[in-house]
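# Dropping a prediction and its sequence here:
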Number of protein chains: 2
Amino acid sequence: MSVLRGTALSLLVSGAAAAGHLFPDCANGPLSNNTICDTSASVPDRAKALVAVLTTPEKFQLVGSTSPGVPRLGLPSYEWWQEALHGVASSPGVQFASSGNYSYATSFPQPILMGAAFDDALIEAVATVISTEARAFNNANRSGLDYWTPNINPYRDPRWGRGQETPGEDPFHIKSYVKALISGLQGDDPDYLKVVATCKHFAGYDIENWGGNERYGFDAIINSQELSEYYMQPFKACARDAKVASIMCSYNALNGVPTCANSYILQDVLRDHWNWTDDGFYVVSDCDAIQNVFLPHNYSLTREGAAADSLIAGTDLNCGTYYPLHLPAAYEQGLFDDTVIDQALVRLYSAQVRLGMFDPASSTAYRSLAFADVNTPEAQELALKAAEEGIVLIKNDGTLPLAIPETGNLTIALVGPWANASAAQMQGNYAGIAPFVHNPLTAANSLEGVNVVYGGSPGDPTTDSWPAALWAGLTADVIIYVDGSNSGEEQDRNTIHWTGERQDIMTQIAGLGKPFVLVQMGDQLDDAPYLRHENVSAILWAGFPGQAGGDAIMNIITGATAPAGRLPVTQYPADYVNRVAMTDMSLRPNETTGNPGRTYQWFGEATVPFGHGLHYTEFDISITGNATDDAGWDIGELIAACNEEYKDLCPFQSVAVAVDNTGNVTSDYVALGFLAGAFGPEPYPLKQLVAYQRLFDLAPGSATATVVLNLTLGSLGRHDEAGNLVLYPGAYSLLVDVPTRATWNFTLTGDSVVLEEWPQDTGH
Amino acid sequence: MSVLRGTALSLLVSGAAAAGHLFPDCANGPLSNNTICDTSASVPDRAKALVAVLTTPEKFQLVGSTSPGVPRLGLPSYEWWQEALHGVASSPGVQFASSGNYSYATSFPQPILMGAAFDDALIEAVATVISTEARAFNNANRSGLDYWTPNINPYRDPRWGRGQETPGEDPFHIKSYVKALISGLQGDDPDYLKVVATCKHFAGYDIENWGGNERYGFDAIINSQELSEYYMQPFKACARDAKVASIMCSYNALNGVPTCANSYILQDVLRDHWNWTDDGFYVVSDCDAIQNVFLPHNYSLTREGAAADSLIAGTDLNCGTYYPLHLPAAYEQGLFDDTVIDQALVRLYSAQVRLGMFDPASSTAYRSLAFADVNTPEAQELALKAAEEGIVLIKNDGTLPLAIPETGNLTIALVGPWANASAAQMQGNYAGIAPFVHNPLTAANSLEGVNVVYGGSPGDPTTDSWPAALWAGLTADVIIYVDGSNSGEEQDRNTIHWTGERQDIMTQIAGLGKPFVLVQMGDQLDDAPYLRHENVSAILWAGFPGQAGGDAIMNIITGATAPAGRLPVTQYPADYVNRVAMTDMSLRPNETTGNPGRTYQWFGEATVPFGHGLHYTEFDISITGNATDDAGWDIGELIAACNEEYKDLCPFQSVAVAVDNTGNVTSDYVALGFLAGAFGPEPYPLKQLVAYQRLFDLAPGSATATVVLNLTLGSLGRHDEAGNLVLYPGAYSLLVDVPTRATWNFTLTGDSVVLEEWPQDTGH
């Protein structure tokens, strides 16, 4: 062990325990005369001035996630790792108090349920609350300002253990969702980032541990076409359009190269093609992913090589200790020079400058946010609203909404493994500490005019739980059965069916002859046995609904709120898992491999399709305005009229859809617009989402509402085999709703035009 | 819901909470004049007399595992479910006190480590302690007397989540082990069973949840040859030879029929072929396995059918509530009559009679055992000895045994995720509450003359754990690294390799240039990266070693005890999991499917082979006595001289093996005898274990010891395609030790003879 490494080691051991979030003292500290503290200087000049006074050994200590700072310079220790997937979350940099102020933060639903709301304004509002609470925690020295959220890998396979962390399977949907989210997290102050958001995991990451394939060593083989059209789309929206300040490279390799050492995606695609080069934009590795570049990837043949290769490829910060441990020796070996480490440090400290960490507290109102801004009544209401908007009514024979008689003599049996769900079940992955968690049982108990009999969790018939559940059902007027499926990090699912045991007890209880409502929580399971079962009256899907989730479920069940959520994923038939290996990244059906196709775009045999969602009322839907059938456009003229820097963003048409509530219940309505048709390279997708918009509180008998679906040139485009986005001549159909309830046909003519040229991986 | 079922349900709900273990009052209770209480009557007459006074609804309540008893008859409630895999264990029928007396029981190593001892006398001694402690718990009304142990499915695939519960992969070894175990559990009193032992899971059960296949619905396809020669062998030893009082049918189906509804295995094989018909022998279902006969197996098309089919096939007791819930309606539907339920009840109450539950306390000394008999000093010593005997020395460059200088100036760094292992890790599946658990760290801290630096658990390099571990290694003279792999029930492993992260930190620490000892705990992982790594000085495998496990490990490391354990399983190369599906039950290699073969009998590419184990000394091994090379026997003469009821049990030859300790350390030695050769149906196995014997405390320079390997006709036999055990003419070789260190060649001539005709599955 070299002297340099020994020094690094002792620094690490002594410094690591002292992580904190206090800002440097720019007024009186050792840095007060350094340009980093000069608010009149440019962001990069300020960062460069700090880097210029660092010693080489110090530099290597500052690119690990638990930074010891530089005591001699008054540069404090800093923990870069904060999480906030659906609220400020437990993570190394977030210190919840044991009680009282700062002992909790608002816990919103998991993204998979918020995705089901198809309401971008809701997402921005939620993200704004989260960043406000994050700033309050930071001002109390209880968190840093770098948040490693959102998770935007598209939910490609129903087995993925972290699919719940994403808004769903559709790239257009995720793009739209994440732009709203980043805006809310990073704020709208041109001078200061509210927090740094981090789009992860870049790219091709969506396997935890399946069939002997662990995420740390998996090599995702993805062709250019599907890489560009699917896997990269959310990151393009994040980096190019939403200007997220941080991107996290992932554990997996992409076409042979671990992503954190992959200059093709980190430089050619991210920084060069998407122009993701603003001051302070930095790449952070997933935790230990630099280590994995050595083992198990065996991409770099030494530890020093793995560290140097990643730094050179453009990974600026290492979640973990691999950079601090091994960059010193890599430097000694001449694997890189100071310009490389300095570039990373300038990016990192530019981000800190943009967060205002070297500025006076008076410089931004963000510094004044306090615990009074955490879990406000408005935030609590928003958490409830987010859950209500997402809940999807999958089946209903008229049992819902439940009529509670004025006599108040209704007895409800609440039964099932998730009826009394734990806080962990209600919140899902990456949760914080919620101020309260109202599960279905606690929410039912607070209903007026209802007697609740809790029938327990009939999970295991070896105990007396089955007889007790049956007995509860026998004694009630209505049975609400709450069950679910839970995946998790490092754990993909093997199966997506309701087990025989659960089907048995559920259908036994349903067979008692009472109205039977299944509340399905967590991840999707194949509901086919219940969809066709006459004794199952209704099915709601409620995901992981957060602190107010039980209230939201009961509001929907009683009709206090009408459901309007739409499934943001395909509910696959149970045997899907036997038809395609999780490791097969292809989306298109393939007769040779037997892959039946992935997502609603390529797989047409869903148990419940993407976009499905019933209402308590009836809607008439029609396309109105300029969208006359058989309209046509010349591609050349469309391009000539396009003045955007990025041609895919140019508007095409705004299509007005008339929505008339012809039923009896006030309700939201989500307009979903898909494109289908014969254009571009074969095979053609079944359809592709190109627009959505949620309408609110449409009352029966009121005037017809109009929703506008905005199409862009990009939304008409398709990707060729090289990954280029191309506008093709052909016959197009815009399909509204699932199943389709209105259609607009139009044509494009002329020569095809490349809207976006995809950079090729030249293996440099 | 019928009246009968409603009654059953209300009985279940009211009765289930009242489980207890008090015996009926045969002196003054309502049954005192019933023949069940007449100790002079025969066992079946006594049981029949009780059954005769039961009403039909009462009968159905008594065949669920939590029996409500019959209050009007003074028949107490009884919990049939006790566990004691490696000590009296936490389970529904075992009530540990919260402190003081009966708050713990002796915790022995998991069977996989005790199997590595290859010492049947040890196993019988351990089982005797367990049954003594079980009786003490029962006498204190803290447990029943029916124990659902042992798990004897052979460990066919390294991924199996419950392989740790078994003695290993070899059927001869398991047979020998389990006969000793049953003898110790059930005792040697001809009039009373000490406890009822239960051999499980009958049969073909060894998948938890792999690749979408759950144990509850898996259909194991096994041909007659391998069913007879491998999967059934342990059960044959249990049922036919050891006369275990209970057998548990399993979750899976076997060749299309769920085992609990499978009259071929429960009647034709178990009761008819193996003559398993003694009074009180009963079959119990695995927990909820009757339910699974309906769903997910879909073997019986109704719930009532599943209950009736299982009862008729010969499953007498249902772990669960399916019998009590659904037998009433099945009876109403005429699916079975009273003779069937009465047969089950007579078996169950005959077992209770044989346990002495209807006899006066004075009738057997078992009733006098008390807490003074729990975790005695002898039991504690035995728990330590069992762990020491099992530990296997896999690699050693001379570093072990560790020399502790008289100056006492040795500093040991103890590092790794299992160094400070939890009680759950030390004990493994189906543990009880141990009186204490000495893990490696606590044991090292009690060594004299040694300074211990605990380097923590460098599991996750995102924290400061890696630097801390490296720092601890830097400061020590010797590094002991303790890590392992943990499987579990309902959870098969996907991989059997050390992750890249663990290989990295381990080889970094090993690279510090100090002697480096790896203590590998838990399940096997592919040690290839360490076997060939020059910086890894020694490797010990220590399984799940129980309450004294840390002491045993330190005794081996310091040389207080010399290692002599042998691997009871193959240590497979990491890529084995990619070469054969877990669902492929075939043992023989198959070019079509790519199956490379299973167990040492058929797979020759082990990283570390079955039977491997190094010593601190050297042994000279030779075959002596009558076993002259090129001896020959005529099969007809061998058969003519065989007078056993079961011909496979007839002795063949006793082969004397001379063992000479030519080294410097007193040590045990395990003699392993395998047969190989060209005889019987092709393909031929590489070899098959046919005998083993452990020698104790062989001192260097003492007289040569002799160990006798007893061969039977059965051990020479092979199984034909129909599953018959046949003695074939051919050339035989007895191979001693791994790798082979002595060989005896002999021949059999004449016509082949069937030793045991295997009953065929006629699908009736």
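Right, received. Where do you want to start?
# report the longest helix in chain A, please.
Ranked by residue count, the top helix of chain A under DSSP state H comes out as helix A:120-139.
# If you count contacts, what does that helix end up packed against?
helix A:111-115, helix A:171-186, helix A:377-390 (3 or more C-beta pairs under 8 Å, 6 or more residues apart in numbering or on different chains; DSSP states H and E). Just so you know, the C-beta spots here come from the backbone N, C-alpha and C atoms, and that holds for glycine as well.
# what's the last one packed up against?
What it means is helix A:377-390. Checking 3+ C-beta pairs under 8 Å, 6+ apart, helix A:377-390 ends up next to helix A:111-115, helix A:120-139, strand A:538-543, helix A:549-558.
# in that helix, what's buried?
Neighbour-count burial for helix A:377-390 flags A:379, A:380, A:382, A:383, A:384, A:385, A:386, A:387, A:388, A:389, A:390 (criterion: 16 or more other C-beta atoms under 10 Å in any protein chain shown).
# Just give me the closest of these to chain B.
residue A:390 (28.6 Å; C-beta to the nearest C-beta).
# Please report how far that closest one lies from residue A:440.
Residue A:390 sits 15 Å away from residue A:440, going by C-beta to C-beta, to the nearest Å.
# got the contact list for the residue nearest the centre of chain A?
Centrality entry for chain A: nearest residue to the mean C-alpha point is residue A:166, 3.1 Å, by C-alpha atoms, centre = their mean. By C-beta atoms under 8 Å, 6 or more residues apart in numbering or on different chains, the residues touching residue A:166 are A:111, A:112, A:115, A:150, A:151, A:152, A:153, A:154, A:155, A:174.
# ok, back up a step: next, format the helices and strands packed on helix A:120-139 as CSV and append mean pLDDT.
Formatted as CSV, the helices and strands packed on helix A:120-139 follow (pLDDT from 0 to 100):
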stretch, mean pLDDT
helix A:111-115, 98
helix A:171-186, 98
helix A:377-390, 98
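# So which of those helices is nearest residue A:61?
Evaluated with C-beta to C-beta, these place helix A:171-186 nearest to residue A:61, the distance being 27.6 Å.
# Give the other helices and strands that the longest strand seen in chain A contacts.
Determined from DSSP state E, the single longest strand within chain A is strand A:667-679. Applying 3+ C-beta pairs under 8 Å, 6+ apart, we find strand A:667-679 packed against strand A:651-661, strand A:688-698, strand A:705-712, strand A:730-736.
# quick one, phi/psi of the residue of the stretch 601-750 of chain A found nearest chain B?
Nearest residue of the stretch 601-750 of chain A to chain B (C-beta to the nearest C-beta) works out as residue A:607 at 16.5 Å. Main-chain torsions, residue A:607, degrees, to the nearest 10: phi -70, psi -50.
# so who does it touch?
Residue A:607 neighbours (C-beta under 8 Å, 6+ apart): A:526, A:527, A:528, A:531, A:571, A:572, A:573.
# Which pLDDT value belongs to the closest residue to residue A:346 other than its chain neighbours?
Nearest residue to residue A:346 in three dimensions, chain neighbours excluded: residue A:47, at 4.6 Å (C-beta to C-beta, 6 or more residues apart in numbering or on different chains). Predicted confidence (pLDDT) for residue A:47: 98.
# Also residue A:13?
pLDDT, residue A:13: 61.
# Ok, residue A:462 next?
Value for residue A:462, per-residue pLDDT: 68.
# just the one 10 residues further on next, same as before
At residue A:472 the predicted local confidence, pLDDT, stands at 93.
# number of nearby residues for it?
24 (other C-beta atoms under 10 Å in any protein chain shown).
# how much space between it and residue A:457?
11 Å.
# For burial, what's the neighbour tally of the closest residue to residue A:237 other than its chain neighbours?
Distance criterion C-beta to C-beta, 6+ apart; nearest residue to residue A:237, sequence neighbours excluded, is residue A:175 at 3.7 Å. Other residues lying near residue A:175 total 21 when counted by other C-beta under 10 Å.
# Please look at residue A:175 and residue A:230 and confirm they touch.
No: applying C-beta atoms under 8 Å as the test, residue A:175 and residue A:230 come out as separate, 11.3 Å apart.
# got the helices and strands packed on helix A:120-139 as TSV, with distance to residue A:295 columns?
Shown next, in TSV, are the helices and strands packed on helix A:120-139 (distance: least, C-beta to C-beta, whole Å):
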stretch	distance to residue A:295
helix A:111-115	32
helix A:171-186	32
helix A:377-390	41
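# Compare the ones you listed and give me the one nearest residue A:679.
Per C-beta to C-beta, nearest to residue A:679 of those: helix A:171-186, 16.6 Å.
# separation between the residue nearest to residue A:237 and residue A:712?
Counting by C-beta to C-beta - residue A:175 and residue A:712 are separated by 11 Å.
# Kindly report the same for residue A:200.
26 Å.
# Name the residue in those two with the higher neighbour count.
residue A:200 (23 against 20).
# is it true that that one lies in a strand?
Yes: applying DSSP: H, G, I helix; E, B strand; the rest coil, one finds residue A:200 inside a strand.
# Give me the neighbour count for the closest residue to it other than its chain neighbours.
Leaving aside its chain neighbours, residue A:200 sits nearest to residue A:248 (3.6 Å; criterion: C-beta to C-beta, 6+ apart). Neighbour count of residue A:248, defined by other C-beta under 10 Å: 24.
# which residues does residue A:248 form a beta bridge with?
When bridges are called by DSSP bridges, residue A:248 pairs up with residue A:284.
# Please name the residues that touch it.
A:148, A:198, A:199, A:200, A:201, A:202, A:283, A:284, A:285, A:286, A:319.
# State the distance from it to residue A:761.
20 Å.
# Hmm, residue A:623 and residue A:742 touching each other?
Yes: using C-beta under 8 Å, residue A:742 makes contact with residue A:623 at a distance of 4.8 Å.
# Which residue ranges make up each domain of chain A?
A:35-369, A:391-564, A:619-756 (the TED database).
# picking that back up, kindly list the main-chain dihedrals of the residue nearest to residue A:346?
Dihedral angles for residue A:47 - degrees, to the nearest 10 - are phi -60, psi -40.
# what sits against it?
Going by C-beta under 8 Å, 6+ apart, the list of residues near residue A:47 reads A:36, A:279, A:280, A:345, A:346, A:347, A:348, A:349, A:350, A:352, A:353.
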